[in-house]
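Just the structure for this:
(chains A and B)
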Amino acid sequence: MAPVSNVELTSDIDLALGSNRRFGSAEAIEARNLARYRLGLQVLARYHPHAAGRLSRLSLAGDAELRPLMYDPVLRNAFENDMTALERQAGEAADLVAYLESGVADALDGVGPCERLSRPAVRPWPDRAISWVWTDLATGSEPELALSARLEELLAGTLSKDGSGSRVRPDAGLLAGLRQAAELLAELLPHTGAGVLPHVSLVGFVRDELADGTLNSISGGDPLPSALFLAPERLADPWTAAETLFHEGLHLKLFDVLRTGSMAAESERLIPIPWRVQPWTLTRVLFAMHVYAHLVLFRAAAAQAPPALRARYGEPPAAEFVDLATPGSQAAAGGGYTTSLERVTYLAQQAAQVYGELLTPTGRQFVDWLIGSVAPIAPGILPGPAPAATRPAVEVTLAARGYRRAEPVQVCPIPEQRQLVAFSPAPPSFRWLNDHAWTIYALCDGRDLSSLRERYSQVAGPGAEDRLSPGLAGLLQAGLIVPVGS
Amino acid sequence: MPTQTVELPTFSLTGDAVPSVTTDAPHERAWTPPFSSPRAE
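Numbers count the residues shown, from 1 in each chain, chains lettered A, B, ... in the order given. Predicted coordinates for the structure are as follows:
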């Protein structure tokens, strides 16, 4: 067998990282998010009957119409705020309903409400994804003014609190640099590079001075969703621009992944970071690890870039430049942690071993997948055996009378991903069921336990009976089923 | 599309999978990660 070349190796890793349906494929991740939105809109319709028509209409829209609306930063932020208020049982928030009732989302024509205000309208990579650039916003009506003001407010909430940050209106040179960055990224890494672009809705430009340095770029979680902002200086060199776009696009991708399955079981424990003074949460470690692992691939691909790519975009940087260690940190004093490989190796060890018991099963799968994928070009990254899970299995005494689904039942099946997303009424929350949990949930129709056992064994096959008890325990704990007679 | 009825999956179940019910958590969504260049000493 012929040896695998370095180019083939990076190409294989690009494919592995960009196509995994759980964590890598933009198409699969978006399909799950759209299912979540459709279900969430129906849930909101139940709480806001006066707006049920608008919410249901949106819920039933096609992907091409729904995606620009629900990936609109203002509408998505409003939706998440409303759902979080429901989850926390903090009243029936109606942020999204207010925007819908103002009419800003009435047109189902593939253009989001904020994008519709942009002048000039710029889609930087229309052949690859529906993203738009924050140029200027033209507002005429009161609803448009409210939308524009909210977008400005979300950005202001993300930048420095001292008001030193400001948005930059892009000129033709910046827009050309942005397009060039995306072209280079997609040519260099056809799967992972091009694959971050569908997670980006809004691209903007800002300058800001943060407490610990000059802002290079930033991307939003729920506070400014589906949006990334770049410092104009990052576009001076195509390779730096492509890397920065990759970096922030990966964050947006992981945010989208996390909306369909939690990875960190707790949010409090802090993890020391040798190149930073402030420790990080496990969630932040996972985000950083995700980026650094991909940057190892970016560096490898850049080093192997063919002559045609070098002729078009110039020579890639000879050495990697990761941001400096924070003054006062262990690395600032003692050195080290100056490459993506060093940093991802440390983070992988923390996530997989030292704090591995804090991962959810999905988080464990994510870490194993990420580390395993880049291991061939990341010597030393593979940690030793992970600690055994310390979470005790939930013991449950099964009710002989069987179980029924908790009312009201609201679900959205995603059969192509072998998943069902449900909304549990109490506590209110999205729940993601795999194929076995989906099957058990479907069988909880009021039949007694012996019938449930028998039918599950028929569907799941021999040897599956041991899975019924933990499956029922999981559904009970999630509030999706209740014992018959309760 | 969303529905209020739960049908059995129409595909064969994964042989070695165990039932899994997960959710998403607000603590993983409520922040933005800035990428900055720390000032040198």
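
going forward, measure contacts between C-alpha atoms and count neighbours the same way
Will do.

Please work out how many residues are found near the nearest residue to residue A:95 once chain neighbours are set aside.
Once flanking residues are discounted, residue A:95 sits nearest to residue A:78: 5.1 Å by CA to CA, 6 or more residues apart in numbering or on different chains. Applying other CA atoms under 10 Å in any protein chain shown, we find 23 residues neighbouring residue A:78.

Could you look up the SS state of residue A:429?
With DSSP: H, G, I helix; E, B strand; the rest coil as the basis, residue A:429 sits in strand.

roughly how far apart are it and residue A:88?
Separation of residue A:429 from residue A:88 (CA to CA, to the nearest Å): 9 Å.

which one of the two has more residues nearby?
Counted by other CA under 10 Å, residue A:429 and residue A:88 do not tie: residue A:429 has more neighbours, with 22 against 13.

Do I have it right that that one meets residue A:423?
Yes: counting by CA atoms under 8 Å, residue A:429 touches residue A:423, with 5.5 Å between them.

what residue ranges in chain A are flagged as low confidence?
For chain A, residues meeting the criterion pLDDT under 70 lie at A:1-4, A:384-395.

Please tell me how far residue A:418 sits from residue A:291.
Applying CA to CA, the value for residue A:418 to residue A:291 is 28 Å.

no no, residue A:396
Going from residue A:396 to residue A:291 by CA to CA gives 40 Å.

What's the end-to-end length of stretch A:344-363?
Stretch A:344-363 has its terminal residues 16 Å apart, counting by CA to CA.

same question, stretch A:424-431
Taking CA to CA, stretch A:424-431 runs 7 Å from one end to the other.

Any part of it near chain B?
Yes: counting by CA under 8 Å from any CA of the partner chain, chain B has neighbours in stretch A:424-431: A:429-431.

How about the secondary structure of the spatially closest residue to residue A:302 that is not a sequence neighbour?
Excluding its sequence neighbours, the residue lying closest to residue A:302 (CA to CA, 6+ apart) is residue A:316, at 6.2 Å. Counting by three-state DSSP, the backbone at residue A:316 sits in coil.

So what would you say the end-to-end distance of stretch B:8-27 is?
Start-to-end span of stretch B:8-27 (CA to CA) is 33 Å.

That stretch - what's its average pLDDT?
For stretch B:8-27, mean pLDDT rounds to 87.

Check what contacts that stretch and list those residues.
Contact with stretch B:8-27 is made by A:84, A:258-262, A:267, A:415, A:418, A:429-439, A:442-443, A:459-461, A:467-468, A:470-471, A:474-475, A:478, as judged by CA atoms under 8 Å, 6 or more residues apart in numbering or on different chains.

Just give me the residue closest to the centre of chain B.
residue B:24 (5.5 Å; CA atoms, centre = their mean).

what secondary structure does that one sit in?
Applying three-state DSSP: residue B:24 is coil.

is the lengthiest strand in chain B anywhere near chain A?
Using DSSP state E, we find that the single longest strand of chain B is strand B:34-38. Yes: contact of strand B:34-38 with chain A is found when judged by CA under 8 Å from any CA, involving B:34-38.

re earlier: quick one, which of residue A:418 and residue A:291 is more surrounded?
Taking neighbours as other CA under 10 Å, residue A:418 and residue A:291 compare with residue A:291 leading, 21 against 18.

any idea which helix or strand carries that one?
Taking DSSP states H and E as the criterion, residue A:291 maps to helix A:282-303.
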